[in-house]
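Asks: when you get a sec, could you give me coordinates for this:
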Amino acid sequence: MKMKDCLLEQSIEFLIKIKSNLMEILFSNEEGSNLAYKNFIVESINIYLKTNGKALSEEISGKNIQENPSKNPVLDLLDYIISFLTNNEAAKNWTKIAAYLEFWDSFAKSGDVQLEYLYSKEMIAKLIDFFLMKESPFYKAGENRYEMGNRLVNPKFAGLISTLSTLIRHSFTETWNEEDHSKGLKPHTLLEGKVR
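Replies: Numbers count the residues shown, from 1 in each chain. I've put the predicted structure just below:
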């Protein structure tokens, strides 16, 4: 085994081992530290995806991983990190979400497999839902959601806006029409293969 492959394997094993600590790492008051950790996490995952991209792309597109979670440990790790958006952890830590949201920004700008994964997880809808809080069209009356921001401090949403921009600019939905909408079908999001 080459040294590079060995280091990649060790860094992925390390991330899987500390999976339960990722929330504390990405939501920290130490802005410099958590940005450095964010860079390590996203780069390790990106190298893994680049090395195993074809097989992972087939796994992502071959079945609906929204309903059938992957057995791949890196995709499982990404699912866990996404769960912070949907389980209120990111909203609870709204004063410390800059590195977390920048993680998704860096990840989305890294390649086609990354975009394909984010589309399969309906990340555009998840980010908009998170941003709009109780004003979201996905909000259900009585649902427990944390309020982010106050009169003195606003959440740092720059990473979220940048991630949405990347995802929207790379999506393609011209084949989806009003008839599809009335049938309850979701738009088909196709990759153009031009990540910038």
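Asks: give me the residues contacting the strand or helix carrying residue 76.
Replies: Element membership for residue 76, per DSSP states H and E: helix 73-86. Here helix 73-86 makes contact (CB atoms under 8 Å, 6 or more residues apart in numbering) with 12, 15-16, 19, 22-23, 26-27, 45, 48-49, 52, 56, 59-60, 65, 69-70, 89-90, 100, 103, 117, 121, 123, 126-127, 129-130. No exception for glycine: its C-beta is placed from N, CA and C like everyone else's.
Asks: go again using 7 Å as the cut-off
Replies: Applying CB atoms under 7 Å, 6 or more residues apart in numbering, the external contacts of helix 73-86 come out as 12, 15-16, 19, 22-23, 45, 48, 56, 69-70, 90, 100, 117, 121, 126, 130.
Asks: buried residues in that helix?
Replies: For helix 73-86, a neighbour-count test (16 or more other CB atoms under 10 Å) marks 74-75, 77-79, 81-82, 84-85 as buried.
Asks: contacts for stretch 8-27, please.
Replies: Applying CB under 7 Å, 6+ apart, the set of residues contacting stretch 8-27 from outside is 34, 37-38, 41, 44, 47-48, 51, 73-74, 77, 80-81, 84, 89, 93, 96-97, 99-100, 103.
Asks: gap between the longest helix belonging to the chain and the chain center?
Replies: Longest helix in the chain by number of residues (criterion: DSSP state H): helix 31-51. Its chain's C-alpha centre and that of helix 31-51 lie 13 Å apart, by CA atoms, centre = their mean, to the nearest Å.
Asks: could you dump it to PDB, C-alpha only?
Replies: Presented in PDB, the C-alpha positions along helix 31-51 are these (Å, rounded to 0.1, in the frame of the first residue of the first chain):
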ATOM      1  CA  GLU A  31     -13.000  30.300  15.200                       C
ATOM      2  CA  GLY A  32      -9.500  29.700  14.100                       C
ATOM      3  CA  SER A  33      -9.400  26.100  15.400                       C
ATOM      4  CA  ASN A  34     -12.700  25.000  14.100                       C
ATOM      5  CA  LEU A  35     -11.900  26.400  10.600                       C
ATOM      6  CA  ALA A  36      -8.700  24.400  10.600                       C
ATOM      7  CA  TYR A  37     -10.600  21.300  11.700                       C
ATOM      8  CA  LYS A  38     -13.200  22.000   9.100                       C
ATOM      9  CA  ASN A  39     -10.500  22.200   6.400                       C
ATOM     10  CA  PHE A  40      -9.000  18.800   7.600                       C
ATOM     11  CA  ILE A  41     -12.400  17.100   7.600                       C
ATOM     12  CA  VAL A  42     -13.500  18.400   4.200                       C
ATOM     13  CA  GLU A  43     -10.100  17.700   2.500                       C
ATOM     14  CA  SER A  44     -10.000  14.200   3.900                       C
ATOM     15  CA  ILE A  45     -13.500  13.400   2.700                       C
ATOM     16  CA  ASN A  46     -12.700  15.000  -0.700                       C
ATOM     17  CA  ILE A  47      -9.600  13.000  -1.200                       C
ATOM     18  CA  TYR A  48     -11.500   9.900  -0.400                       C
ATOM     19  CA  LEU A  49     -14.300  10.800  -2.800                       C
ATOM     20  CA  LYS A  50     -11.800  11.600  -5.500                       C
ATOM     21  CA  THR A  51     -10.100   8.200  -5.000                       C
END
